[in-house]
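> Turn this into a model:
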Amino acid sequence: MSPETTKLEADKSSGKMIWTNYVRLQGRSRRKYCVQTREEIDQKFIAAGWVIQDKKRLNLYESLGVAVREMDTDTGPADYMLFIDGKACGIIEAKREGRNLGGVAEQSLRYTTSTLRHIQRVAANDQPLPFLYEATNIEIRFRDERDPKPRSCYLFYFHQPQTLKNWLERGRSFRDRLLDLPELNTTSLRDCQVEAITGIENSLKQAKPRALLQMATGTNYEQMKGCGKIINSYNKSNNTKVAA
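Residues are numbered from 1 along each chain as shown. Predicted coordinates for the structure are as follows:
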């Protein structure tokens with residue numbers, strides 16, 4: 001059995017100190033470990049509705065969502081490149097179990113702006129591909145580069161191809177659209193209600209994943225439904241929890 005070590009180090013995305021397991025592997029053991037990791041990641045893709053292909057046998061229109069292994073770019077091969085309707089839309093950087101995924105975010109970002117030969121992109125050539133993942137066989141991190149301040153969050157599974165297609169058709173990410181919320185109609189609202197709704201809106205605009213709305217006894221809930229719709233939409237779109 002390969003020896004393991006545990007280190008306390010900073011996560012680059014959150015700035016928090018986390019414990020990370022490192023597995024000392026050499027030669028064949030390391031290659032075998034990486035192959036097993038890729039096989040498990042492949043199965044998670046397939047379960048989400050993706051078709052897995054090798055770069056030497058491409059058929060980008062075989063399915064709505066195609067994930068290509070070791071796709072060539074001018075900065076090196078990307079572990080997986082995601083295609084929706086035949087166009088490149090995302091990158092997945094795969095690492096063996098135990099790696100700190102916060103430390104590979106810059107690597108996946110590099111591939112999103114790399115030059116691709118004879119491949120269509122959903123983004124302009126000077127813009128990054130929107131969807132970035134870093135994954136092991138047990139962890140998945142995701143971020144949308146279209147957000148005003150992109151940052152990663154943990155997922156339980158990969159998104160389905162139809163989900164990414166829907167996001168692309170909307171043009172702007174949810175967090176980006178939050179910056180253009182319509183002006184609040186304060187007619188018939190009390191000052192405390194205006195303050196509560198405005199506070200929630202400002203929190204969402206700043207991409208804060210957690211917010212607490214405290215309503216005093218006697219608050220007219222019917223007049224707060226507009227804020228409730230924003231909260232529900234935010235929770236569904238970002239896998240976050242805003243409590244009211």
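> Surely residue 93 is in a strand?
Yes: counting by DSSP: H, G, I helix; E, B strand; the rest coil, residue 93 falls inside a strand.
> Touching, it and residue 134? I think so.
Yes: shown here, residue 93 and residue 134 form a contact pair, counting by CB atoms under 8 Å, at 4.9 Å. No exception for glycine: its C-beta is placed from N, CA and C like everyone else's.
> Common neighbours of the two, please.
Common contacts of residue 93 and residue 134 (CB atoms under 8 Å, 6 or more residues apart in numbering): 104, 108.
> the more surrounded of these two?
More crowded of residue 93 and residue 134, by other CB atoms under 10 Å: residue 134, with 26 against 22.
> helices or strands next to the helix or strand hosting residue 166 in the packing?
In this structure, residue 166 sits in helix 161-170 according to DSSP states H and E. Helix 161-170 is packed against strand 65-71, strand 78-84, strand 87-94, with contacts defined by 3 or more CB pairs under 8 Å, 6 or more residues apart in numbering; DSSP states H and E.
> Redo those as a markdown table? Include mean pLDDT and distance to residue 154.
Shown next, in a markdown table, are these (pLDDT from 0 to 100; distance: least, CB to CB, whole Å):
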| stretch | mean pLDDT | distance to residue 154 |
| --- | --- | --- |
| strand 65-71 | 92 | 20 |
| strand 78-84 | 93 | 18 |
| strand 87-94 | 92 | 15 |
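> Tabulate those strands (TSV), appending distance to residue 113.
Below are those laid out as TSV (distance: least, CB to CB, whole Å):
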stretch	distance to residue 113
strand 65-71	14
strand 78-84	12
strand 87-94	10
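> Run a quick neighbour tally on residue 135.
26.
> Over to the one 10 residues further on?
Neighbourhood size, residue 145 [other CB under 10 Å]: 18.
> So the nearest residue to it once chain neighbours are set aside, which state does it fall into?
Residue nearest to residue 145 in three dimensions, not counting chain neighbours: residue 128, with 4.7 Å by CB to CB, 6 or more residues apart in numbering. Here residue 128 is recorded as coil under three-state DSSP.
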